[in-house]
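J.: sequence? don't have it. structure:
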């Protein structure tokens, strides 16, 4: 059984803050302080260029990738780090389209995070090969699958509502129709158990500054199914993905396996910080994370619904269909979130009217959730989100 | 007049090291220690998600870009940071090809850094629009320009030899023939004066971990000529390059100007460290850098040629045709560089037989260069690069 009191002690949460926004930017693991100092002062400062070998900077993208692989149900050696999630989406989609050259439709859903759709649009516009991006409502994805679709590209957990796709079922159905599948795990990795190997999807991508707590701008990851890793052609074919980067060969020859999905020089300092953040996951079982995440989300939904009748739940009520976040709709959602933040409860707002709260068992417990509910209830009951009301109250107290 | 004693004091160089590899990885500016601590502990740790606004993380790519712009002869607001140099090469080339849709040839030279050629190969293979990448010897570039060429993509300073292209003359001739021009400034930015505005090139890209001392994996930069910045279509069209990233619009609409060349979430910690490294450039005049760089390079060439007859200069002898590095050829170059490093003089080796030394006036002076020559001369004279000789000597002393 995962010891969540022990993991909580590994993070720095500022005093008087209840942090329900780890699904946007995870908090600082205490270990990041010493690891960044070490990487900067002891390695960069003292080793200089020799750090690439002496401090194993060169291997960081693969080593960190394998630590993440364990947490998303993928074998070691099937995941590599680098760049941003947007870049990794592009890389996966460009490779995926070449695996299905006879088909022209990329299918996604309109709950996908916009950058995924933008990157697909940019790639399609560049290719000029007649591809089209089609988006449907999330609940219509399965019914829209057909043998005209080249690639299905979905984010498993919806960034606004927390609605979760059934990866296994959708991937199976897509494969039956000859569709290549890419999963964006931005809101899944570290949030819910993911069984990449089991679901057999060809590609997956994700970021590490949310549930993996890698810090602002932490690098992204990409997974390629091992049987395809020696076969996919990286559109973004940089020297770090070359078979022999230091041979300075004029021709690109992809490295074996997942290493070919590396592109340029890795962001060593951010990777080292991420590596230290992953220490918190040692000994953590994703099944325990899931179980506690559901407890916290259910507690929050019940508490908010009992005390804030103006807030309408937009996340699925059924925990099995929900990631590790809870969202409510309210016309004055933006103002409510500002008031919450002013009172120490940090969540976030997504236009036009959604307030969103992430639940992260590594450093959040039932007491935190109860305190968050109480503050939200007070804000709603006393209309503290209403600027006029808020000022009046401030003048009195 | 730039005060180089003052700039030297801003860097940490380990004791007993003469660092002639700042053209590979610049040393740590002392300011990086406090700035990284502040970014990690005070900003990420205490502000959490609020850092994007409260610590102005969101603006870092443009703010840092404008600091770099000054040092490469570009106007403020024409440069933005992000990703790696490989990614920025891809972005520039994809945009450039669309500015010249009737032509199919990308011209480069075989002294270009391999990743630039690899990224071009990957893009061309993806596009399947009949483009070809043609490479010629560096000295044949001008004669090869013709109205069949869509894009000329060159690295100004050769990473092995230090040979420097005449940006102004080549760009002028290319423009006369209707060719779009991309300059890779990896070995120019911070090394030699660059006049981007004056040369009128459409695109430029570069990295910041060499002469700008941004640390291992520091982000890259891209410049787009201001009259084109509202017109180019970013192939890598990510949400941070969107007109309104937080509107979560399902359709991509590029931001005005250079901001559209941003892609994903910026690497905040590495950008902040780079920003602190750029403080060393405040008040530095690139003309002073160039003048002192030539003094140091000439001193090194003269000293080495006087004492090491086995080493053959492969850099141009004429300072006007050379960047801020000096390279020699020697069959046992790899072993010589190992011996040099063991004796505290750090340069680097480039296959098959080149030893390379970078000269960086910000933190290197004539005493350092003289000491470096002396150690190299000793190694060559006493064949310390010869493993058998080296062991014999170690046994004696």
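T.: All right, it came through fine. As the structure is a computational prediction, the values presented were derived from the model and not from experiment. Numbering: from 1, shown residues only, chains lettered A, B, ... in the order given.
J.: from here on, contacts and neighbour counts on C-alpha atoms
T.: Fine.
J.: give the rounded mean pLDDT of stretch A:231-243.
T.: Average pLDDT, stretch A:231-243: 97.
J.: list the buried residues for that stretch?
T.: A:232, A:233, A:234, A:235, A:236, A:237, A:238, A:239, A:240, A:241, A:242, A:243 (16 or more other C-alpha atoms under 10 Å in any protein chain shown).
J.: report the distance from it to the chain centre.
T.: A distance of 24 Å separates the centroid of the chain from that of stretch A:231-243, by C-alpha atoms, centre = their mean, to the nearest Å.
J.: care to break chain A down by domain?
T.: What automatic domain parsing lists as the domains of chain A is A:4-30+A:285-390, A:56-281.
J.: out of those domains, deepest packed?
T.: Of the domains of chain A, the one with the most neighbours on average (mean count of other C-alpha atoms under 10 Å in any protein chain shown) is domain A:56-281, at a mean of 22.
J.: quick one: terminal-to-terminal distance for that domain?
T.: Using C-alpha to C-alpha, to the nearest Å, the end-to-end distance of domain A:56-281 comes to 22 Å.
J.: likewise stretch A:306-318?
T.: Start-to-end, stretch A:306-318 (C-alpha to C-alpha) is 17 Å.
J.: ok, now stretch A:9-16?
T.: Using C-alpha to C-alpha, the end-to-end distance of stretch A:9-16 comes to 16 Å.
J.: show me which residues of the stretch 151-300 of chain A sit near chain B.
T.: Within the stretch 151-300 of chain A, the residues that sit near chain B (C-alpha under 8 Å from any C-alpha of the partner chain) are A:215-219, A:234-239, A:246-252, A:263-270.
J.: for chain A, longest helix please?
T.: Using DSSP state H, we find that the single longest helix of chain A is helix A:286-307.
J.: what's the spacing between it and its chain's center?
T.: The answer for helix A:286-307 is 20 Å, by C-alpha atoms, centre = their mean.
J.: and the next helix or strand after it, what does it pack onto?
T.: Next helix or strand after helix A:286-307 toward the C-terminus (DSSP states H and E): strand A:312-313. Secondary-structure packing of strand A:312-313 (3 or more C-alpha pairs under 8 Å, 6 or more residues apart in numbering or on different chains; DSSP states H and E): strand A:325-329.
J.: now residue A:200: how far from residue A:168?
T.: Distance, residue A:200 to residue A:168, using C-alpha to C-alpha: 8 Å.
J.: same question for residue A:153.
T.: Per C-alpha to C-alpha, residue A:153 is found 14 Å from residue A:168.
J.: can you pull out the low-pLDDT segments for chain A?
T.: Applying pLDDT under 70 to chain A flags the ranges A:388-397.
J.: centre of the chain to the strand ranked longest in it, how far?
T.: Assignment by DSSP state E gives strand A:149-155 as the longest strand of chain A. Centroid displacement of strand A:149-155 relative to its chain, using C-alpha atoms, centre = their mean, is 18 Å.
J.: what segments of the stretch 101-250 of chain A are helices?
T.: Remark: helices assigned in the stretch 101-250 of chain A by DSSP state H, counting those that start in this stretch are A:114-127, A:141-144, A:167-176, A:196-199.
J.: just the angle for the third one relative to strand A:149-155, thanks.
T.: Interaxial angle, helix A:167-176 versus strand A:149-155 (axes from the mean of the first three to the mean of the last three C-alpha atoms, to 10 degrees): 170 degrees.
J.: related to what we said a few turns ago, what's the longest helix of chain A packed up against?
T.: Of the remaining helices and strands, those touching helix A:286-307 by 3+ C-alpha pairs under 8 Å, 6+ apart are strand A:325-329, helix A:366-381.
J.: now do the contacts for the residue lying closest to residue A:307 once chain neighbours are set aside.
T.: Nearest residue to residue A:307, sequence neighbours excluded (C-alpha to C-alpha, 6 or more residues apart in numbering or on different chains): residue A:377, at 5.6 Å. Contacts for residue A:377 (C-alpha atoms under 8 Å, 6 or more residues apart in numbering or on different chains) come out as A:304, A:307, A:308.
J.: quick check: the first one touching residue A:373?
T.: Translated: residue A:304. Yes: in this structure, residue A:304 is within contact of residue A:373 by C-alpha atoms under 8 Å, at 6.0 Å.
J.: what's the closest non-adjacent residue to residue A:29?
T.: Nearest non-adjacent residue to residue A:29, counting by C-alpha to C-alpha, 6+ apart: residue A:11, 4.2 Å away.
J.: check contacts around that neighbour.
T.: Applying C-alpha under 8 Å, 6+ apart, the residues contacting residue A:11 are A:27, A:28, A:29, A:30, A:363.
J.: farthest pair in those?
T.: Using C-alpha to C-alpha, those reach their maximum pairwise distance at A:30 and A:363, which is 12.0 Å.
J.: what about the closest residue to residue A:41 other than its chain neighbours, which helix or strand?
T.: Closest residue to residue A:41 apart from its sequence neighbours, by C-alpha to C-alpha, 6+ apart: residue B:33 at 7.1 Å. Under the criterion of DSSP H and E, residue B:33 resides in helix B:31-37.
J.: packing partners for that helix?
T.: Taking 3+ C-alpha pairs under 8 Å, 6+ apart as the contact cut, helix B:31-37 packs with helix A:31-37, helix B:268-278.
J.: how far does that helix sit from its chain's centre?
T.: Worked out by C-alpha atoms, centre = their mean, helix B:31-37 lies 23 Å from the chain centre.
J.: also stretch A:324-344?
T.: Taking the mean of its C-alpha atoms, stretch A:324-344 sits 21 Å from the chain's own mean (C-alpha atoms, centre = their mean).
J.: do the same with stretch A:253-261
T.: Put simply, stretch A:253-261 sits 24 Å off its chain's centre (C-alpha atoms, centre = their mean).
J.: give me the distance between the two termini of that stretch.
T.: 12 Å.
J.: name the residues that touch it?
T.: Contacts for stretch A:253-261 (C-alpha under 8 Å, 6+ apart): A:62, A:77-80, A:91, A:222-224, A:226, A:229-230, A:233-234, A:236-237, A:240-244.
J.: check stretch A:99-115 too.
T.: Taking contacts as C-alpha under 8 Å, 6+ apart, the residues outside stretch A:99-115 that touch it are A:86, A:117, A:130-138, A:141, A:148-155, A:158-160, A:179-180, A:232, B:237-239, B:248-251, B:264.
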